[in-house]
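K.L.:
Need a 3D model of the sequence below.
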Amino acid sequence: SNHAWAWALMEVWIFSLALFWLWQYLRGKAQLTPVFYKAIPILVIWLVWLIYVTFQIIPLPYFLVELLSPQAAEVYAFTNPSLITLSVDPYSTGVGLLKSLSYVLLFTLTLLMVNNRTRLLWVAYALVFSGLFQAIYATLMTSYGLEYGAFFHEKIHNRGLATGTFINRNHLAGYLEMCLSVGIGLLIAQLGQGSQDTNWRERFVGVLAWILSPKMLLRLSLVFMVIALVMTRSRMGNTAFFASMMVAGVIALRLSRHANRATVILLVSLIVIDIFIVGSWFGLQKVKERLVETNMATEARDEVNVDILPYWQDYFLTGSGLGSFYTTFPRYQSPEVDGFYDHAHNDYLEVATETGIIGLLLLGIAVLLTIGVVLDAQYRRHDSLNRGIAFAATMAITALLIHSTVDFNLQIPANGATFMLILALAWVARYLPRKTTHDSKPPSRLGKKVTLSFMAVLIYLIYVAASWGLAESIGVQVRLHRFLLYKGLPHLFQPSL
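P.N.:
Okay, the predicted model is just below:
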């Protein structure tokens, strides 16, 4: 998904879903849910975030930008402008704003549409199925030496390692961390649903039933995903997964008033089986060797982080503009750091440099608020599915927070959108009512006007996202054509490219 045409498709699809929901709401066939009303505090934070990013690309008087971000004003000073933006790369910030809009709408649609247990189960199993597909694809490609990534394009980087349809193995690892978290949450939700067998014959029948049950299929799916995770050889990906499982397990046992021996046995078996059996067969030793061999002399990411600190200092308050890291960082890159960095290998530092302390606080408050909600769900909810999803959200959030210290998972649209979906599921797990009401009715006259206004905005956003994605795709083809002509290889250019 880390291509302009791909995230444009994602944006168009999410905007279209939102447009369809508003149409259903206008007809009285959809309604605002109790979860939506309970989530108003975090929705306000997301709204402030969108307004803030928009503010970064609004032309402002030069003196005002000089007051808020002297370094940004200095970038524009040589043109002697009267109106400039806080962002030093307004186009990239506009692209980031469209992505942010799609993420926030996906979060909101989850609150509105996952309004009963059946839909909650469907969303959870969809994530598990997606992770299973990635795991099987990555494992087969790596095992048989077929170096193909997304859309069967031959891989250039990370050859011999599991990447799935991702370009970077660490991003596959991040995605699998979230899908595994949801799968484990579903397993926990199913604990205690079996019958109490009294004799050996009933126990034997129970074991056979368990082997053929959806629980066993779910467990096998988790095994496949762990195999793929290990085969990525991602050091922090594997560390974040096992660490988050233990952290979430301890939290669940401490907070849940319904935790039992089965929960403890499940968590211990997951750790033991995944580490000592799956890991020994599929290369956990190699991951361990990479961790042991990691040091300050061989690792370049720490040097990049050192160079990023002056960058953040210059744009401390408002940042250089969302999405502007790759255009701004070369100015601060030291000679010892080779190569081109389109992202910082640290989500926290990238957010801080692009949106300043204001943006970092907004996103931090949103995540901390969700963590509070999900912990409260584990303590207060009695329903096993709600507690299972709450465990999944706790584990997924913990894993991504750990992994984000050394990578940029949240800059990849597939992972960013999935993370937002899981944040929304945390609120659903806490506030989903036991009984669903169906008393929808058409909105008032004022409500209809507001709804129609939102629909008009969404239609415009669909047009913008589609046109930007198409323009970028054409630009890629033109640049490729010119590159091949420059190299004297025009025969390699095919219309299908």
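K.L.:
how about the nearest residue to Gly469, chain neighbours excluded?
P.N.:
Ala8 (2.3 Å; CB to CB, 6 or more residues apart in numbering). (Each C-beta comes from the backbone N, C-alpha and C, glycine too.)
K.L.:
And His171, how close does it get to Lys155?
P.N.:
Distance from His171 to Lys155, counting by CB to CB, to the nearest Å: 13 Å.
K.L.:
and the two? which has more neighbours close in?
P.N.:
His171 (25 against 16; other CB atoms under 10 Å).
K.L.:
residues touching the nearest residue to that one once chain neighbours are set aside, list them.
P.N.:
In space, His171 comes closest to Ile412 once its chain neighbours are excluded; the distance is 5.0 Å by CB to CB, 6+ apart. Contact analysis of Ile412 by CB atoms under 8 Å, 6 or more residues apart in numbering lists 1-2, 166, 168, 171, 174.
K.L.:
now Ser324
P.N.:
Ser324 makes contact with 87-89, 92-93, 354 under the criterion CB under 8 Å, 6+ apart.
K.L.:
Mind giving me the PyMOL select for those, buried ones only?
P.N.:
To isolate the buried ones among those in PyMOL, judged by 16 or more other CB atoms under 10 Å, type:
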select buried, resi 87+88+89+92+93+354
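K.L.:
do you know how far Ile251 is from Leu191?
P.N.:
Separation of Ile251 from Leu191 (CB to CB): 16 Å.
K.L.:
Next one: Glu299, what pLDDT does it get?
P.N.:
Glu299 is assigned a pLDDT of 53 by the prediction.
K.L.:
my guess is Leu68 contacts Leu86, does it?
P.N.:
Yes. The pair Leu68 / Leu86 is scored as a contact, 6.4 Å apart, by CB atoms under 8 Å.
K.L.:
out of those two, which sits in the more crowded spot?
P.N.:
Leu86 (27 against 16).
K.L.:
ok, that one - contacts?
P.N.:
By CB under 8 Å, 6+ apart, the residues touching Leu86 are 55-57, 60, 65, 68-69, 72, 318-319, 321.
K.L.:
So it versus Thr93, what's the distance?
P.N.:
Distance from Leu86 to Thr93, by CB to CB: 9 Å.
K.L.:
what number of residues lie near Asp342?
P.N.:
Asp342: 11 neighbours (other CB under 10 Å).
K.L.:
Same list, the contacts of Leu86, but as a markdown table with distance to Phe408 and pLDDT please.
P.N.:
Formatted as a markdown table, those follow (distance: CB to CB, whole Å; pLDDT from 0 to 100):
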| residue | distance to Phe408 | pLDDT |
| --- | --- | --- |
| Phe55 | 24 | 97 |
| Gln56 | 20 | 96 |
| Ile57 | 22 | 96 |
| Leu60 | 29 | 94 |
| Val65 | 27 | 94 |
| Leu68 | 26 | 94 |
| Ser69 | 23 | 93 |
| Ala72 | 23 | 93 |
| Thr318 | 21 | 94 |
| Gly319 | 16 | 95 |
| Gly321 | 17 | 95 |
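K.L.:
and of those residues, the nearest to Met246?
P.N.:
Gly319 (34.8 Å; CB to CB).
K.L.:
Is there a neighbour count for that closest one? I'd like the number.
P.N.:
Residues lying near Gly319 (other CB under 10 Å) number 32.
K.L.:
For it, which three-state class applies?
P.N.:
What DSSP: H, G, I helix; E, B strand; the rest coil gives for Gly319 is coil.
K.L.:
give me phi/psi at it?
P.N.:
Phi and psi for Gly319, reported as degrees, to the nearest 10, are phi 80, psi 170.
K.L.:
Repeat that for Leu60.
P.N.:
Leu60 adopts backbone torsions of phi -130, psi 160, taken as degrees, to the nearest 10.
K.L.:
Can you give me the distance of it to Ser320?
P.N.:
For Leu60, the distance to Ser320 equals 15 Å [CB to CB].
K.L.:
quick one, which of these two is more surrounded?
P.N.:
Ranked by neighbour count (other CB under 10 Å), Leu60 and Ser320 place Ser320 first, with 30 against 19.
K.L.:
hang on, isn't that one packed against Tyr326?
P.N.:
No. With contact defined as CB under 8 Å, Ser320 does not reach Tyr326; the gap is 10.7 Å.
K.L.:
circling back to that earlier point, could you dump the contacts of Ile412 into TSV with distance to Leu121 and pLDDT added?
P.N.:
TSV is the format used below for these (distance: CB to CB, whole Å; pLDDT from 0 to 100):
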residue	distance to Leu121	pLDDT
Ser1	25	70
Asn2	30	78
Phe166	27	90
Asn168	31	88
His171	27	94
Gly174	24	95
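K.L.:
Contacts only, for Gly321.
P.N.:
56-57, 72, 85-90, 92-93, 96, 354.
K.L.:
can you tell me which of the residues you listed are in helices?
P.N.:
Among the contacts of Gly321, the residues falling in helices (DSSP state H) are 56, 72, 90, 92-93, 96, 354.
K.L.:
now for these, which pair is the farthest apart?
P.N.:
Across these (CB to CB), the longest gap, 15.8 Å, separates Ala72 and Gly96.
K.L.:
quick one, which of these two is more surrounded?
P.N.:
Between Ala72 and Gly96, counting by other CB under 10 Å, Ala72 is the more crowded of the two (25 against 22).
K.L.:
what secondary structure does Ala417 sit in?
P.N.:
Recorded secondary structure, Ala417: helix (three-state DSSP).
K.L.:
And for it, the neighbour number?
P.N.:
Using other CB under 10 Å, Ala417 has 20 neighbouring residues.
K.L.:
and if you look at Pro310?
P.N.:
Applying other CB under 10 Å, we find 11 residues neighbouring Pro310.
K.L.:
Next one: the spatially closest residue to it that is not a sequence neighbour, what pLDDT does it get?
P.N.:
Counting by CB to CB, 6+ apart, Pro310 lies nearest to Tyr332, which is 5.5 Å off, once chain neighbours are set aside. In the prediction, the pLDDT value recorded for Tyr332 is 90.
K.L.:
likewise Arg482?
P.N.:
Reading off the confidence values, Arg482 has pLDDT 70.
K.L.:
Quick check: the gap between it and Leu470.
P.N.:
19 Å.
K.L.:
Where does pLDDT dip in the stretch 201-350 of the chain?
P.N.:
Within the stretch 201-350 of the chain, the stretches with pLDDT under 70 are 201-213, 257-302.
K.L.:
what's the overlap in contacts for Leu86 and Thr93?
P.N.:
Each of 56-57, 321 lies in contact with both Leu86 and Thr93 under the rule CB under 8 Å, 6+ apart.
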